[in-house]
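> got a sequence here, can you model it:
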Amino acid sequence: MSITLAPPPPDILPGEARAELARAVAQLEDVSLAARFAATIGMPIEALKNRLPSSAQVLLDGAVKRALASAMQAALRAQPSANPTPLPAAWFHRGLAAAAGAAGGAFGLPGTLVELPVSTTLLLRQIAAVAEANGETLGDPLIAAECLKVFALGGRDKQDDAAESGYFAVRLALAEALKGAVGKGLAGVMLPGFLGSIAARFGGPVALKLSAQAAPVIGAAAGAAVNLAFLEHFRGIAEGHFTVRRLERLHGPVAVRAAYQELATQRDARFMA
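Coordinates of the predicted model:
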């Protein structure tokens, strides 16, 4: 008589998948861009914020939305992982990001506002390359939206209410904002509500970037360093996000979410011990 084994409980993942998920939890829950900035620039975050002129705050929201919109239009036109040089892909993209930041920072705040769409496009191409490596279909407009979501996930502030800023909470909020995009192609992804939700969270990191690059000449060095920090941070967030999505396709969202929350709780307990 054959014995039919019951499927494992939904909160159990195979060991290899659980190890991948643990790495994703570390990438998504250790939202440390501000600390990375402070270490890179050698200046406390509050001092950085104080360098941004009040007039720039008025321009910031519109500048972020325009940067995201133009990046979305440009970033996915060519193969995101393309590398026309013999250099390793990581070094090639780091070089592009550093050069763009230095060029923008050399001209202070006006240069940085001009450079912002270029840097955002470079970031989005890296995010798209990570998505593709994890089995996503970049021709699908909703996958383009998932790439944009990385900017919101990477803009979370650990000082926010955990119920509002946790990884799955932000995913759910962004999914609600994207509901009207189904069937509308890329135009749907660019709906003001969805784009505004992304810009609201991405605006914090961008404000720090503008602050660091606000002084001409000095801003050139800061711009290169900040863009490299941006690149490493958002690439890590992308790796975490698209790893979670790939594991959800393989093992189901219920099992992955249960394991994620367990791993995140264990991680928090270790830091508080």
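> secondary structure element holding the spatially closest residue to R257 that is not a sequence neighbour?
If you skip the residues right next to it in sequence, R257 has F168 as its closest partner in space, 6.3 Å away by Cβ to Cβ, 6 or more residues apart in numbering. C-beta here means a position set from N, CA and C on the backbone, and glycine is covered the same way. Applying DSSP states H and E as the criterion places F168 in helix 167-177.
> what packs against that helix?
Contact here means 3 or more Cβ pairs under 8 Å, 6 or more residues apart in numbering; DSSP states H and E; on that basis helix 167-177 packs against helix 141-153, helix 192-212, helix 253-272.
> rewinding a little: quick check: the residue nearest to R257 touching A264?
No - in this structure, F168 is not within contact of A264 by Cβ atoms under 8 Å, at 9.6 Å.
> pLDDT below threshold where in the stretch 1-150 of the chain?
In the predicted model, the stretch 1-150 of the chain carries pLDDT under 70 at residues 1-11, 31-53, 57, 74-112.
> which parts of it are helices?
Listed in chain order, the helices found in the stretch 1-150 of the chain under DSSP state H, counting those that start in this stretch are 15-29, 33-41, 45-50, 54-75, 89-105, 108-133, 141-153.
> between F168 and A264, which one's more packed in?
A264 (20 against 14; other Cβ atoms under 10 Å).
> which residues touch that one?
With contacts defined as Cβ atoms under 8 Å, 6 or more residues apart in numbering, the neighbours of A264 are 25, 29, 166-167.
> check those and tell me the two furthest apart.
Across those, the longest distance by Cβ to Cβ is 11.1 Å; it joins V25 and G166.
> show me which of these two is the more surrounded one.
Shown here are V25 and G166; by other Cβ under 10 Å, V25 has more neighbours (23 against 18).
> wait, what's in contact with the more buried one?
Taking Cβ under 8 Å, 6+ apart as the criterion, V25 is in contact with 240, 260, 263-264, 267.
> cool, I127 as well?
Contacts here follow Cβ under 8 Å, 6+ apart; on that basis I127 touches 147, 150, 234-235, 238.
> returning to that earlier point: how much space between the residue nearest to R257 and G139?
The gap separating F168 from G139 is 27 Å, by Cβ to Cβ, to the nearest Å.
> same question, L231
Plainly put, L231 is 25 Å away from G139 if you go by Cβ to Cβ.
> what angle sits between the biggest helix by length in the chain and helix 15-29?
Selection of the longest helix in the chain by residue count, based on DSSP state H, yields helix 218-251. With axes from the mean of the first three to the mean of the last three Cα atoms, to 10 degrees as the basis, helix 218-251 and helix 15-29 are set at 150 degrees to each other.
> what mean pLDDT does helix 218-251 have?
Rounded to a whole number, the mean pLDDT of helix 218-251 is 84.
> so which other helices or strands are in contact with that helix?
Applying 3+ Cβ pairs under 8 Å, 6+ apart, one finds that helix 218-251 contacts helix 15-29, helix 33-41, helix 89-105, helix 108-133, helix 141-153, helix 192-212, helix 253-272.
> just the CA atoms of the first one, as CSV, please.
What follows is helix 15-29, C-alpha atoms only, in CSV (Å, rounded to 0.1, in the frame of the first residue of the first chain):
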residue,chain,number,x,y,z
GLY,A,15,17.0,24.9,3.4
GLU,A,16,18.5,26.5,0.2
ALA,A,17,15.5,28.7,-0.3
ARG,A,18,15.5,29.7,3.4
ALA,A,19,19.2,30.7,3.1
GLU,A,20,18.4,32.8,0.0
LEU,A,21,15.5,34.4,1.8
ALA,A,22,17.7,35.2,4.9
ARG,A,23,20.0,37.2,2.6
ALA,A,24,17.0,39.0,1.1
VAL,A,25,15.8,39.9,4.6
ALA,A,26,19.1,41.4,5.5
GLN,A,27,19.1,43.4,2.2
LEU,A,28,15.6,44.7,2.6
GLU,A,29,15.4,45.3,6.3
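> alright, I will stop here.
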